[in-house]
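Sequence first, then the predicted structure:
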Amino acid sequence: MNKKRVVLTFPKETVEQPITYHLIKDYDLMVNILSAKINPDEEGRLVIEISGQRKDLDKGIDYIKGLGVTIQPLAQDVNWNKDRCTHCTACVPLCPSAALSLDRVTMKVSFDSDRCILCGLCLKACPYQAVEILF
Ligand code: SF4
Ligand code: SF4
C-alpha cells in the first residue's frame, strides 16, 4: 500500500468534476480529503491523501493531470521557518494533526510537514509568521 498527500489546484472549469469519486471507483484508490477551498466562481484547492497500489496511484495521478488539474506534493506548499520560531507554543494546541508539536523535555516546538494538512489554523496564531502556506 502506497500513500501520497497532495494539493490539487483546479481551474474554475474543472471545479465541478467528481474527481474523488472517479479516483475511488475507477482507480481503486482510497481518498481522504484533508481540506478544501472550492468556490465555483474561482480556482479551487483540495488537499487529499490518496492511498492504494503503486500502479493504481500512478494511473489516478495521470487521470488528474489529464483534466488540467495541477497536482503537487503537500510538503511543497508549507514552510516552517525555524529561525523565526520563538517556541512560544501558541500554535501547538491549535494544530489538529500534531504537525506542530512541543518536546516537553527541551520545551522546543518542531514541525513535521508530513503531518500538516494545510488547515491554516496556525497562521493567525503565530506572532512571528513562522509558518507560511504558499498558496
Ligand atoms: S496548517 Fe498549521 S495548524 Fe494546520 S496542520 Fe499545518 S501546521 Fe498544523
Ligand atoms: S506560534 Fe509561531 S513562534 Fe510560536 S511556537 Fe508556533 S511557530 Fe513558533
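Received, thanks. Ligands and ions are numbered 1, 2, ... in the order given.

CA atoms only: put the helix or strand harbouring Ser101 into PDB for me.
Using DSSP states H and E, the element containing Ser101 is strand 100-103. Output in PDB follows, covering the C-alpha atoms of strand 100-103 (Å, rounded to 0.1, in the frame of the first residue of the first chain):
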ATOM      1  CA  LEU A 100       3.500  21.400  15.200                       C
ATOM      2  CA  SER A 101       4.400  19.700  18.500                       C
ATOM      3  CA  LEU A 102       6.200  20.500  21.700                       C
ATOM      4  CA  ASP A 103       9.000  18.500  23.100                       C
END
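
Give the pairing partners of that strand; include direction for each.
strand 108-111 (antiparallel) (DSSP bridges).

Report whether the helix or strand that comes right after the partner strand contacts ligand 2.
Counting by DSSP H and E, the next helix or strand C-terminal to strand 108-111 is helix 121-125. Yes: on the criterion C-beta under 6 Å from any ligand atom, helix 121-125 is in touch with ligand 2 at Ala125. Where you see a C-beta, it was placed from the backbone N, CA and C, and this is true even at glycine.

ok, then the element right after helix 121-125?
Downstream of helix 121-125 (by DSSP H and E), the next one is strand 131-133.

For the strand holding Ser101, buried residues please.
Going by neighbour count (16 or more other C-beta atoms under 10 Å), the buried part of strand 100-103 is 100-102.

Please produce JSON lines containing the residues you listed, extended by pLDDT.
Listed next are these as JSON lines, based on pLDDT from 0 to 100:
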{"residue": "Leu100", "pLDDT": "96"}
{"residue": "Ser101", "pLDDT": "97"}
{"residue": "Leu102", "pLDDT": "97"}
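
do you know how far the residue of the chain positioned farthest from its centre is from ligand 1?
Here the chain reaches farthest from its C-alpha mean at Val105, the gap being 29.2 Å by C-alpha atoms, centre = their mean. The gap separating Val105 from ligand 1 is 21 Å, by C-beta to the nearest ligand atom, to the nearest Å.

likewise Pro96?
6 Å.

re earlier: do the strand holding Ser101 and ligand 1 meet at all?
Yes: using C-beta under 6 Å from any ligand atom, strand 100-103 comes into contact with ligand 1 via Leu100.
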